[in-house]
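**Student:** Need a 3D model of the sequence below.
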Amino acid sequence: QLQLEESGGGLVQPGGSLRLSCSASRFTFDYYAIGWFREAPGKEREGVSCIGSSDGVSYYAESVKGRFTISRDNGKNTVYLQMNNLKSEDTAVYYCAARYGMVYDYWGQGTQVTVSS
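**Tutor:** Model (predicted):
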């Protein structure tokens, strides 16, 4: 069973930055693709970014492209989401999830990101 834990959320002013971390419990972490999702009040959960298991190929939603950067450190079993130039519409609970095949089977508990002045 893969366990994921997010950290790094908080309150930041518009234009500020945060770095989220997603730490995994298993040493086979590098076999899994990792995605970041977010859920804002009253909205459906949406995919933000993901990174491949072995090739490190990344994907970004249009709304965050150019502002967010995903990366992974397999030696530390951790995936990062660097978020720059944050906007109020980025306010949400951010979740990381892992998939070995086509479906994200494992999810973290989420971390709150609030962008407000």
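**Student:** hey, what's the residue nearest to the spatial centre of the chain bridged with?
**Tutor:** With distances taken as Cα atoms, centre = their mean, W36 lies nearest the centre of the chain, 3.0 Å away. With DSSP bridges as the criterion, W36 is bridged to S49, C96.
**Student:** mind checking pLDDT for it?
**Tutor:** W36 is assigned 98 on the pLDDT scale.
**Student:** any idea how far D55 is from it?
**Tutor:** 18 Å (Cβ to Cβ, to the nearest Å). Quick note: C-beta positions are derived from backbone N, CA and C, even for glycine.
**Student:** Equivalent analysis for T111, please.
**Tutor:** Taken as Cβ to Cβ, the span from T111 to D55 is 27 Å.
**Student:** now do E89
**Tutor:** Computed as Cβ to Cβ, the E89 to D55 distance reads 31 Å.
**Student:** in stretch 110-117, what's buried?
**Tutor:** Residues of stretch 110-117 classed as buried: G110, T111, V113, V115 (neighbour count, 16 or more other Cβ atoms under 10 Å).
**Student:** Now render the residues you listed as a markdown table, adding pLDDT and distance to G42.
**Tutor:** A markdown table is the format used below for these (pLDDT from 0 to 100; distance: Cβ to Cβ, whole Å):
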| residue | pLDDT | distance to G42 |
| --- | --- | --- |
| G110 | 97 | 16 |
| T111 | 98 | 19 |
| V113 | 98 | 16 |
| V115 | 98 | 16 |
